[in-house]
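Undergrad: Predicted model and sequence below, questions to follow.
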Amino acid sequence: MEEEQKANVRAVDRALDILLCFTDATDLGLSEIASRLSLHKSTVHRLLATLENKGFLIRDVQTEKYRLGFRVWELSANLSQNDDPATLLLPEMERLRDLVEETISLYVRDGNERIRVQAVQSKQPIRRVAPIGARMPLAVGASSKVLVAYAEPFILQEVISDPNWPDYVNKESFIEQLDQIRKQGFATSVEERELGTAAVAVPIFNRNGQLVASIAASGPSNRLTPEKMSQYAPYIMEAAYRMGKMMK
């Protein structure tokens, strides 16, 4: 029994060591991690599979390399760290909120879902309240469409092949919307997820030109009209550009 407990503690210790490898690297392969930790590849592979299954790591199917998963973002929602991207972008989000006077949310993709990793609530008496850590499907919503429109082509196939795809969303229409989003640089949605709400979202690209998140303004649909969303889109795009310059 004592030996079994020691083995369990050792496995946890090694799993944490794997996560700590990503403190100075964006993505790492199996061999690189095994070399850093001086462990057998078979041992590292088992631990990586567990961490991936729990959402702490994401494996790129093309490069076979791993990067931190969005469970880390969900945990960090309860932290306040100066180097946390959600905290790093907060001042820019607050400025955008004050400019458009609507709730501002920051989303990242995790599989076939998106996660709200940061939010700044509108100061208006009637507003949309956006809880941090909420998960939403990628089939509906302005930010969902942005995260799919600017992702690698294989992501779109994964999303539309999801068995949980909602019956009320036409796949052909969804794909056509993605083309329009790429042309105009932003996406809008009106009552796609919630009655009485609307949103306008744009992509955030990091300094290397990689899609890292989407930023959205949302509010009551009777106030955030299609005309207002088109008016606000350039402001959100400017803010997204500044945010991207802050991210690696």
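TA: On my side now, so go ahead. Since this is a predicted model, take the numbers as computed values, not measurements.
Undergrad: Just the pLDDT at the residue nearest to the spatial centre of the chain, thanks.
TA: The chain has Val108 as the residue nearest its centroid, 0.6 Å off, counting by Cα atoms, centre = their mean. We have a pLDDT of 93 for Val108.
Undergrad: What's the local residue count around the closest residue to it other than its chain neighbours?
TA: In this structure, Val108 finds its nearest non-sequential neighbour in Ala213, 5.0 Å apart by Cβ to Cβ, 6 or more residues apart in numbering. C-beta: built from backbone N, CA, C; applies to glycine. Neighbourhood size, Ala213 [other Cβ atoms under 10 Å]: 28.
Undergrad: The strand or helix carrying Ala201 packs against which elements?
TA: Using DSSP states H and E, Ala201 falls within strand 197-205. For strand 197-205, the elements it packs on are helix 142-149, strand 187-190, strand 211-220, helix 226-245, judged by 3 or more Cβ pairs under 8 Å, 6 or more residues apart in numbering; DSSP states H and E.
Undergrad: Can you say which of these is packed in most?
TA: helix 142-149 (a mean of 27; mean count of other Cβ atoms under 10 Å).
Undergrad: other SSEs contacting whichever helix or strand comes after it?
TA: Toward the C-terminus, helix 142-149 is succeeded by helix 153-160 as the next helix or strand (DSSP H and E). Contact analysis of helix 153-160 by 3+ Cβ pairs under 8 Å, 6+ apart lists helix 142-149, helix 171-184 as its packing neighbours.
Undergrad: Put the alpha carbons of helix 153-160 into CSV.
TA: C-alpha atoms of helix 153-160 as CSV (Å, rounded to 0.1, in the frame of the first residue of the first chain):
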residue,chain,number,x,y,z
PRO,A,153,-9.1,24.4,-42.4
PHE,A,154,-9.1,21.1,-40.5
ILE,A,155,-10.6,22.8,-37.5
LEU,A,156,-13.7,23.7,-39.5
GLN,A,157,-14.1,20.0,-40.5
GLU,A,158,-13.8,19.0,-36.9
VAL,A,159,-16.4,21.5,-35.8
ILE,A,160,-19.1,20.7,-38.4
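Undergrad: centre of the chain versus that helix, how much separation?
TA: 16 Å (Cα atoms, centre = their mean, to the nearest Å).
Undergrad: the domain parsing of this protein - what is it?
TA: 8-74, 82-244 (the TED database).
Undergrad: distance between the shortest one and the chain's centre?
TA: In terms of Cα atoms, centre = their mean, the gap separating the centre of domain 8-74 from the centre of its chain is 19 Å.
Undergrad: Quick one: mean pLDDT over it.
TA: For domain 8-74, mean pLDDT rounds to 91.
Undergrad: likewise stretch 115-123?
TA: 93.
Undergrad: try stretch 230-240
TA: For stretch 230-240, mean pLDDT is 97.
Undergrad: if we can go back for a sec, Throw the helices and strands packed on strand 197-205 into JSON lines and include distance to Pro131, thanks.
TA: Shown next, in JSON lines, are the helices and strands packed on strand 197-205 (distance: least, Cβ to Cβ, whole Å):
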{"stretch": "helix 142-149", "distance to Pro131": "14"}
{"stretch": "strand 187-190", "distance to Pro131": "18"}
{"stretch": "strand 211-220", "distance to Pro131": "12"}
{"stretch": "helix 226-245", "distance to Pro131": "21"}
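Undergrad: ok, back up a step: pick the most deeply packed of the domains of the chain.
TA: It is domain 82-244: most buried of these by mean count of other Cβ under 10 Å, with a mean of 18.
Undergrad: Many thanks, I have nothing further to ask.
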